[in-house]
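# Structure of the sequence below:
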Amino acid sequence: MNKFERQSSSADIQTLPDDIAEELSRLPSEVLSVDDAPSLAPPAPLSQDEVRTIVISLMLTMFLAALDQTIVATALPTIGRQFHDVSNLSWVITAYLLASTAVAPVFGSLSDIYGRRVMIIISLSLFVAGSVLCAIAPNLPMLILARGLQGLGGGGIMPVVQTVISDVVSPRERGQYQAYFSSVWMVGGILGPVIGGVFAEHLHWSMIFWINVPLAAAAIALLLPRMKKIPVFHRKRKVDWLGGVLLMASAVVFMLVLTWGGTRFPWLSPTVLAMVGGAVALAVTFVWHARRADEPFLPLPLLGGSVAPFGLAAGGCALGAITGLTVQLPLYYEAVYHLSASEAGLALIPLAAVSTIGAAVAGRTMARAKHYKRVAIVGTSWAALCGLGLTLTTLPLWALLTLMAAFALGLGTTFPVCVVSVQNSVSRPQVGTITGALNFFRSLMSSFTVAAFAAILLIALGADIPLAGEHHVAGSVAIAADDMRHAFRYVFGAATALMTGAALCLIMMEERPLAGPTVVQQVEMAE
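Numbers count the residues shown, from 1 in each chain. From the prediction side, this is the model:
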C-alpha cells in the first residue's frame, strides 16, 4: 500500500461514524487495502425490525444445533431394537460430538475469509443433508456416518451465528443478545430428551431428524434476504488447509481419548497412551506449522494477550462445570433421593434454567455498567461458595435444588462476559476466527470435565457403574446412598475448583471499553 493510499484510508476513516472508525483504526494496513478487503461500511443501516428478524432467525438456527445434541439420547433404545445392535449405539451421539467439536474453529476461520452468508448456508445445508440421511438410514453404520455429517453442520452453526451477531450488534449491546442465545441453548438441551422420547414412543424415531428440515427452511428463509444488509467484515486470503486438518485431527483423537478412556479401554492401556501421544504430536505439529505459515489457519497471537486466554479459560471452566454436573447428577438423584429416571431429568431444570437468568443479568449489566466484568467476578465467586456448600453439607432434596439453582445463577454470568470480551479484543475481520476458537476450547473442556467427573466417581465408588451419559435404570446398580453422597462430594469439590479458577481468570482478564451506545442513547434512538 503506497503513501497516497494510506493517506486516503486515513481521511476516509475520519468521515465514518465513531464506532466504525474505531474498528478501522485497529486494523493493520494490509487489511485496509482496497485490493484484498471489501468495504467495512454497511450499504445501509439496519432498522430495529430487521435486527429483530435476524436475531429470531439466528435463535431458530441455534435451537437446531442445541436440540440435536440431546434429542437422540432417549431414542437410542428404540433405534437399537430396530437395527438389532446395541453395542455401537453410543457412536450415534459420539459421532455428532466429535464432528461438531472438530469443525468449530474451521467454520469460524472460514467465515472471516469467505463471509458469514456463505458459511451459514454451508453449515445449514450440511446439517439438513445429514438429518435427511439419518432419517432414511437403513442400518446403524449408515446412521452413525450420517450423524457425523450432521455434526459437521451443527458444529458450524454455533460460531457463525455468534459471529453474525457481532456484525449486527455493538459490543455494549451484544451481551444481552448472547444471554438470549444461552437461553435457547439451554432450552434446546432440556427439550431434546423429552421430544426424542415422545417421537420414539408415539411416532417413529426418524421424526427426530425430519423435524430439522422445516425448522432449517424457516430459519434460512428469514435470514438470507437480510444477510445482504449485514456489514461486511471478512477478508479474502489464502486458506491454510494443512493447519485446519492438523487442528481437527488433534481434536478428534483427543475427544476419542476422553470418550474411550476408563470405559472401553483402561486409562493406562497401550491404546489410550498411544492415542494421547498421537494427539499431542498432532497438536505440536499444528503449533509448529502455525508459527511458520504466512497466514495460519488459527493465528496463535490471537490466543495471547491480556484478554483472550483468560476469557477462553473462564468460559471453558464454567461450561465444563455445568456440563459435567448435568451428565452425572441424574445418577446422584436416583441413588440418594430414589428418584425415577424421568424425575431425575426434571431435577436438572434448576441447573439449566437458572443459569440463563444469570446470563441475562450479566448481559443487561454489560449494556449499562462501565466495569462490566465485575458481575461475572461476583457471579463466579458466588458459584464457588455455593459449590463449597454442596461439598461440605448433606441436604434434603429441596435444599439441594435451591443451592444448585444459586450455583447456576452465578455460573451463568460468565457466558456473555467471556464471549463479548474475547470478540471485543480482536479486529472485526478476526471475530469469526476467535469465536470458532472459543467454541472449540469450550467443547474440549466440557468433554474433559465429563470424563474427569466420571473418573472421580469410579475411583471413589470402586464399582462398575454407568457413567458419562450412559443410561441408568434405577435400582440396577446397588450403591448405598451414603457411598454416593461421599463420592459426589469430590465431584462438587471439582466443580467448586472450576468456578474458583473461572473467577481468578476473570480477575486477571483486562477489561477493555465496549463500543456502542449507552442505555440512554438506545432509548433516544428508539424514540
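# C-alpha only now, for contacts and for neighbours.
Will do.
# Name the residues of stretch 55-62 that come out as buried.
Buried residues in stretch 55-62, counted by 16 or more other CA atoms under 10 Å: Val55, Ile56, Ser57, Leu58, Met59, Leu60, Thr61, Met62.
# Equivalent analysis for stretch 401-415, please.
401, 403-415.
# Then stretch 115-134?
115-117, 119-134.
# From the contact counts, what lies against the helix or strand containing Phe415?
Here Phe415, judged by DSSP states H and E, is contained in helix 414-424. Helices and strands touching helix 414-424, as assessed by 3 or more CA pairs under 8 Å, 6 or more residues apart in numbering; DSSP states H and E, comprise helix 171-202, helix 308-337, helix 349-368, helix 374-392, helix 431-461.
# So which of the buried residues of stretch 401-415 is the closest to Ala251?
Phe415 (22.7 Å; CA to CA).
# That closest one contacts Gly315, correct?
Yes: look at Phe415 against Gly315 with CA atoms under 8 Å: they come within range, at 6.2 Å.
# quick one: common contacting residues for those two?
With contacts taken as CA atoms under 8 Å, 6 or more residues apart in numbering, Phe415 and Gly315 have no neighbour in common.
# Leu110 contacts Val118, doesn't it?
No: with contact defined as CA under 8 Å, Leu110 does not reach Val118; the gap is 9.2 Å.
# count of residues packed around the nearest residue to Ser123 once chain neighbours are set aside?
Once flanking residues are discounted, Ser123 sits nearest to Gly153: 4.1 Å by CA to CA, 6 or more residues apart in numbering. Neighbour count for Gly153, taken as other CA atoms under 10 Å: 31.
# repeat for Leu438
By other CA under 10 Å, neighbour count at Leu438 equals 27.
# how many neighbours does Phe195 have?
Not Phe; residue 195 is Ile. 20.
# In this structure it contacts Ile71, no?
Yes: with contact defined as CA under 8 Å, Ile195 reaches Ile71; the gap is 6.6 Å.
# Not counting its own residues, what contacts stretch 178-189?
The contact list for stretch 178-189, computed with CA under 8 Å, 6+ apart, reads 59, 62-64, 66-67, 69-71, 162, 352-353, 356, 359-360, 362-363, 415-416, 419.
# can you do 6 Å?
Residues outside stretch 178-189 that contact it (CA atoms under 6 Å, 6 or more residues apart in numbering): Phe63, Ala66, Leu67, Thr70, Ala352, Thr356, Ala359, Ala360, Gly363, Pro416.
# Excluding chain neighbours, what is closest to Leu222?
Ser57 (5.7 Å).
# What's the first helix or strand after the helix or strand harbouring that neighbour?
If you go by DSSP H and E, Ser57 is part of helix 48-70. In the C-terminal direction, the helix or strand that comes right after helix 48-70 (DSSP H and E) is helix 76-83.
# Report the inter-axis angle for that next one versus helix 171-202.
Interaxial angle, helix 76-83 versus helix 171-202 (axes from the mean of the first three to the mean of the last three CA atoms, to 10 degrees): 50 degrees.
# starting at the chain centroid, how far to helix 76-83?
In terms of CA atoms, centre = their mean, to the nearest Å, the centre of helix 76-83 is set 29 Å apart from its chain centre.
# For it, list every residue counted as buried.
Leu76, Pro77, Thr78, Ile79, Gly80.
# could you check the angle helix 76-83 makes with the helix or strand containing Ile157?
Per DSSP H and E, Ile157 falls inside helix 140-168. Angle, helix 140-168 to helix 76-83, by the same axes, to 10 degrees: 140 degrees.
# how about helix 140-168: buried residues?
Buried residues in helix 140-168, counted by 16+ other CA under 10 Å: 140-141, 143-168.
# Need the mean per-residue confidence for that helix.
Averaged across helix 140-168, the pLDDT comes to 84.
# chain center to that helix: distance?
What separates the centre of helix 140-168 from the centre of its chain is 11 Å, taken as CA atoms, centre = their mean.
# So which other helices or strands are in contact with it?
Contacts defined by 3 or more CA pairs under 6 Å, 6 or more residues apart in numbering; DSSP states H and E place helix 140-168 against helix 90-114, helix 116-135, helix 431-461.
# Output the contacting helices and strands for the helix or strand following the last one.
Per DSSP H and E, the first helix or strand lying C-terminal to helix 431-461 is helix 481-508. Helix 481-508 sits against helix 308-337, helix 374-392, helix 431-461, with contacts defined as 3+ CA pairs under 6 Å, 6+ apart.
# which one of these lies closest to Met499?
Across these, closest to Met499 is helix 374-392 (CA to CA), at 5.2 Å.
# Outside of the closest one itself, list whatever touches it.
For helix 374-392, the external contacting residues (CA under 6 Å, 6+ apart) are Phe407, Gly410, Leu411, Thr413, Thr414, Arg489, Phe492, Gly493, Thr496, Met499, Thr500, Ala503.
# Flag every buried residue along that helix.
So helix 374-392, judged by 16+ other CA under 10 Å, has buried residues 374-391.
# Let me have the contacts of helix 374-392 in JSON lines, extended by pLDDT and distance to Leu397.
Formatted as JSON lines, the contacts of helix 374-392 follow (pLDDT from 0 to 100; distance: CA to CA, whole Å):
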{"residue": "Phe407", "pLDDT": "93", "distance to Leu397": "15"}
{"residue": "Gly410", "pLDDT": "91", "distance to Leu397": "20"}
{"residue": "Leu411", "pLDDT": "91", "distance to Leu397": "21"}
{"residue": "Thr413", "pLDDT": "90", "distance to Leu397": "25"}
{"residue": "Thr414", "pLDDT": "90", "distance to Leu397": "27"}
{"residue": "Arg489", "pLDDT": "90", "distance to Leu397": "15"}
{"residue": "Phe492", "pLDDT": "93", "distance to Leu397": "15"}
{"residue": "Gly493", "pLDDT": "92", "distance to Leu397": "19"}
{"residue": "Thr496", "pLDDT": "93", "distance to Leu397": "20"}
{"residue": "Met499", "pLDDT": "93", "distance to Leu397": "23"}
{"residue": "Thr500", "pLDDT": "94", "distance to Leu397": "25"}
{"residue": "Ala503", "pLDDT": "93", "distance to Leu397": "28"}
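# Who are the contact partners of Ser57?
Counting by CA under 6 Å, 6+ apart, Ser57 has contacts Ala219, Leu222, Leu223.
# low-confidence ranges in the stretch 201-350 of the chain?
Under the criterion pLDDT under 70, the flagged ranges of the stretch 201-350 of the chain are 229, 231-237, 341-342.
# Quick one: end-to-end distance for stretch 340-357.
One end of stretch 340-357 to the other measures 27 Å (CA to CA, to the nearest Å).
# neighbouring contacts of it?
Ser183, Met186, Pro330, Tyr333, Ala405, Ala408, Leu409, Gly412.
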